[in-house]
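**Q** The sequence and its predicted three-dimensional model are supplied below.
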Amino acid sequence: MKKTFLAITLLAIFGISYGQSPLSVGKSQLNMGVGLSSWGVPIYVGMDYGIIRNISIGGELSFSSYNEDWKGYTYHHNVIGISGNGNYHFNSLLKIPSKFDFYAGLNLGFYVWSSSPSGYDGAHDSGLGLGAQVGGRYYLSRKVGLNLELFGGNAFSAAKFGVSIKLGH
């Protein structure tokens with residue numbers, strides 16, 4: 001009888017934890033790291049917030065700096081990005097354990113490009129960027145995870161990786 005009770009209890013606990021969303025409703029997490037891009041190595045910091053089960057919204061601030069040879073001159077470019085994103089987290093739908101977080105979504109941001117010396121007439125201008133991302137996290141503990149994200153359509157169209165830290169969990 002004790003073994004049956006223990007087995008049922010363990011199955012119930014496993015079933016409950018198996019379908020949990022990695023970012024709970026009303027909770028947030030801090031994200032930070034580096035990216036890969038043809039425009040230098042961007043660094044970023046952002047925040048995600050669980051608005052309803054399986055859906056989060058967030059914001060991000062990024063910075064990149066690089067040099068480009070153009071028409072016989074070497075120009076130094078700085079790019080600052082401010083963006084917002086929305087993601088759907090597939091854990092419940094695909095029955096992925098809560099130690100993992102697989103998500104996809106859209107982002108919209110404004111990117112400010114500055115170049116020196118003056119006179120740069122290349123293809124880079126400040127403006128809006130719309131893009132999409134797909135990513136995943138592996139949580140090393142209940143609060144800290146590693147993040148990998150692939151994205152396109154915005155100023156840093158490539159990939160980024162870093163650390164996610166759940167706040168208030």
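**A** Great, that's in hand. Numbers count the residues shown, from 1 in each chain.
**Q** For the residue most central in space within the chain, pull up the helix or strand it's in.
**A** In the chain, the centroid-proximal residue (C-alpha atoms, centre = their mean) is Glu149; its distance is 5.8 Å. Mapping Glu149 onto the secondary structure by DSSP states H and E places it in strand 144-152.
**Q** What residues of that strand count as buried?
**A** 145, 147, 149-151 (16 or more other C-beta atoms under 10 Å). To be clear about C-beta, it is placed using only N, CA and C from the backbone, and glycine gets the same treatment.
**Q** contact partners of that strand?
**A** 22, 31, 33, 101, 107, 131-140, 157-166 (C-beta atoms under 8 Å, 6 or more residues apart in numbering).
**Q** Out of the residues you listed, which end up buried?
**A** Looks like these have 22, 31, 33, 101, 107, 131, 133, 135-137, 139, 159-160, 162, 164, 166 buried, using 16+ other C-beta under 10 Å.
**Q** circling back: hmm, who's touching the following helix or strand past the strand holding Glu149?
**A** Counting by DSSP H and E, the next helix or strand C-terminal to strand 144-152 is strand 159-167. If you take C-beta under 8 Å, 6+ apart as the criterion, strand 159-167 is touched by 23, 27-36, 42, 44, 48, 137, 139, 142-151.
**Q** tilt between strand 159-167 and strand 144-152?
**A** Interaxial angle, strand 159-167 versus strand 144-152 (axes from the mean of the first three to the mean of the last three C-alpha atoms, to 10 degrees): 140 degrees.
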